[in-house]
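**Q** A predicted structure for the sequence below; I have some questions about it.
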Amino acid sequence: MDKLFITGIGTGVGKTVTAACVTQALQADYWKPVQTGLLEGTDRDTVRSLVSNDFTVCHPELYRLKEPASPHLAARMEDVKIELRPIIDQAKVYQPVLRPLVIEGAGGIMVPLNEDQFMLDMVLEIQAQVIIVAQLYLGSINHALLTAELLRQKGAPVLGWIFNGPEHSNAADIVRWSGYPLLGHIPFTAKLDKAFVKAQKFNFR
Ligand SMILES: Nc1ncnc2c1ncn2[C@@H]1O[C@H](COP(=O)(O)OP(=O)(O)OP(=O)(O)O)[C@@H](O)[C@H]1O
Ligand SMILES: C[C@H](N)[C@H](N)CCCCCC(=O)O
Ligand SMILES: [Mg+2]
């Protein structure tokens, strides 16, 4: 497991919290290639504040865009074009040698990077195993199975699901219908800190 790509069934489902927990559990490095929205701090800041490994490196983003919007829109607003090639090349520079590399996407897999490429294209080109983060809300079955089905159709190497937030019977149904295994469940916490992150365990095969 040298490279892991953390995607989600949408935005705000807990990819960063999950990335921090997985980075901690695997003593990995972390990288968010494309960050949109800077005012309230970045996902890299969050992971750095939650991981207590001495060796973890949280690499700088390749694209830091002010607007908290879809990457293609935030980039257009700054007259920037997000290119896939530099991201793939940079992933080679960060290629894990001593530690795995946890890569976090932005939003879900069909989030546009530019006028004709999507987060899915990054997932496929970066050649990492994919973890899908899902929260369980009314509507999440559809979002989860659409994400799973598209990843399967495109041949992405999916490792499995990490559910984030309150438990719900939909989790077992989503695992069954998707055919992807359950890797773990991160409960909701009122105290999101290093100790909570350190306590999260996963069953990576
Ligand atoms: N298990 C949890 N317990 C408590 N708060 C959580 C939990 N998971 C996520 N949150 C909070 O919910 C919000 C969204 O989580 P997070 O930032 O991880 O989502 P995301 O999928 O990374 O979003 P984005 O698409 O913007 O990267 C954050 O404020 C985060 O602190
Ligand atoms: C602003 C926030 N940090 C997110 N990473 C951006 C999510 C873009 C979602 C685009 C969409 O699916 O409509
Ligand atoms: Mg995030």
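**A** Sure thing, it's come through. Ligands and ions are numbered 1, 2, ... in the order given.
**Q** for ligand 2, what are the nearby residues on this protein?
**A** Within the chain, the positions adjacent to ligand 2 are 11, 36-37, 68, 70, 106-108, 111 by C-beta under 6 Å from any ligand atom. Placement of C-beta: from N, CA and C, glycine included.
**Q** so what's Arg205 closest to, chain neighbours aside?
**A** Pro181 (7.5 Å; C-beta to C-beta, 6 or more residues apart in numbering).
**Q** can you map out the strands along the protein?
**A** Shown for the chain, the strands assigned by DSSP state E span residues 3-8, 29-31, 34-36, 58-59, 63-65, 101-108, 129-134, 158-164, 182-186.
**Q** can you pull the contacts of the closest residue to ligand 3 within the chain?
**A** Residue nearest to ligand 3 within the chain: Thr16 (3.3 Å; C-beta to the ion). Counting by C-beta atoms under 8 Å, 6 or more residues apart in numbering, Thr16 touches 32, 43, 46-47, 104.
**Q** buried stuff in the lengthiest helix in the chain?
**A** When the chain is parsed with DSSP state H, its longest helix is helix 140-153. Using 16 or more other C-beta atoms under 10 Å as the test for burial, helix 140-153 gives 140-141, 143-145, 147-148, 151.
**Q** model confidence over that helix, on average?
**A** Mean per-residue pLDDT for helix 140-153: 98.
**Q** just the angle between it and strand 3-8, please?
**A** Between helix 140-153 and strand 3-8, the angle comes out at 150 degrees (axes from the mean of the first three to the mean of the last three C-alpha atoms, to 10 degrees).
**Q** now for Val93, how many residues are close by?
**A** 7 (other C-beta atoms under 10 Å).
**Q** what about the residue lying farthest from the centre of the chain, distance to Pro60?
**A** Within the chain, Asp79 marks the point farthest from the mean C-alpha position, 25.7 Å out by C-alpha atoms, centre = their mean. Distance of Asp79 to Pro60, computed by C-beta to C-beta, to the nearest Å: 21 Å.
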